[in-house]
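Q: give the three-dimensional model of this entry:
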Amino acid sequence: MQQKVLNSRYELEQKLGEGGMARVYRGRDLRLNRPVAIKVLHSHYASDTGFLQRFHHEAQAVANLRHSNIVDVYDVGQDGDIHYIVMEYVPGSDLKALILREAPLAVDRAVAIAEAVANGLEAAHRLGMIHRDIKPQNIIVSDNGAVKITDFGIAKSKMSTAMTETGVTFGTADYISPEQARGQQATPQSDIYALGITLYEMLTGRLPFTGDNAIAVAMQHVGTEPPPPRMYNARIPPQ
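A: Okay, the predicted model is just below:
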């Protein structure tokens, strides 16, 4: 990406990561002189008018959501054909990276992280907002131990596009709830189910279900009992 400053305000400093929907940069708000995270949509999303309308609408709604366990959204905007969202910058790593480095996590630590995520979800659910894609990659653990959910609203915009294209709403198959796997609407309980899968992964270092493809994994969430987590981690209390 050649452009370094968006709308004469947001300076892109360093690329932090990239996913199927966007690149994420550490940046700086030049007007307020504070660090920010800037998510820049890939060009194929930037050319999808329906997606962009949902993206901007959802980002504006999430900007009103304030909770210590949810990454703040500061701004959403457009500079030419570049569409972006400006968020709180949280130094640290996503929970997936932490799991890969350290799993299985100590029980107390895993439960504390899950409790923090649950607190953020409770605040969002009270306002009628559902995340729809809770997974370790969307949970940040800061350098000082704070836990924050990211990608509220963005997940909904992305899945609305997927539903338009396929007729079925899928989250990430490894963490998808049974109702989403059946093609039904996500509910607050869908977020809680995905958090339960995330806790399982923190405690065991593995996912409860695997398969040859996303559909095979998703269908196991509908009717298959997961292996007891104590099978993989004897330090988990029996109750």
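Q: all helices for the chain, in order.
A: Counting by DSSP state H, the chain has helices at residues 43-46, 49-62, 95-102, 107-126, 154-166, 178-181, 188-204, 214-223.
Q: could these go into TSV alongside mean pLDDT and distance to Leu30?
A: Every residue, glycine included, has its C-beta placed from N, CA and C. As requested, these are exported to TSV (pLDDT from 0 to 100; distance: least, CB to CB, whole Å):
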stretch	mean pLDDT	distance to Leu30
helix 43-46	81	23
helix 49-62	82	20
helix 95-102	97	29
helix 107-126	97	29
helix 154-166	46	24
helix 178-181	93	41
helix 188-204	98	35
helix 214-223	93	41
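Q: show me what counts as buried in stretch 32-42.
A: Neighbour-count burial for stretch 32-42, counted by 16 or more other CB atoms under 10 Å, picks out 36-41.
Q: quickly name whichever of these is closest to Ala146.
A: Nearest to Ala146 out of these is Ala37 (CB to CB; 14.5 Å).
Q: against Lys15, how distant is the closest one?
A: The gap separating Ala37 from Lys15 is 11 Å, by CB to CB, to the nearest Å.
Q: picking up where we left off before, next step: the buried residues of stretch 32-42 restricted to strands.
A: Among these, the members falling in strands (DSSP state E) are 36-41.
Q: closest one of those residues to Arg26?
A: For these, the nearest to Arg26 is Ala37 (6.3 Å; CB to CB).
Q: who does the closest one bridge with?
A: For Ala37, the beta-bridge partners are Arg26, Met87 (DSSP bridges).
Q: give me the distance between it and Arg235.
A: 35 Å.
Q: and for Leu6?
A: Distance, Leu6 to Arg235, using CB to CB: 47 Å.
Q: okay, these two: which has more neighbours?
A: Leu6 (22 against 9; other CB atoms under 10 Å).
Q: quick one, which of the helices of the chain is nearest to Val141?
A: helix 95-102 (5.5 Å).
Q: which elements pack onto that closest one?
A: Judged by 3 or more CB pairs under 8 Å, 6 or more residues apart in numbering; DSSP states H and E, the packing partners of helix 95-102 are strand 139-142, helix 188-204.
Q: run the last query once more with 6 Å
A: strand 139-142 (3 or more CB pairs under 6 Å, 6 or more residues apart in numbering; DSSP states H and E).
Q: quick one: distance of the strand it packs on to the chain centre.
A: Relative to the chain's own centre, strand 139-142 is displaced by 10 Å; criterion: CA atoms, centre = their mean, to the nearest Å.
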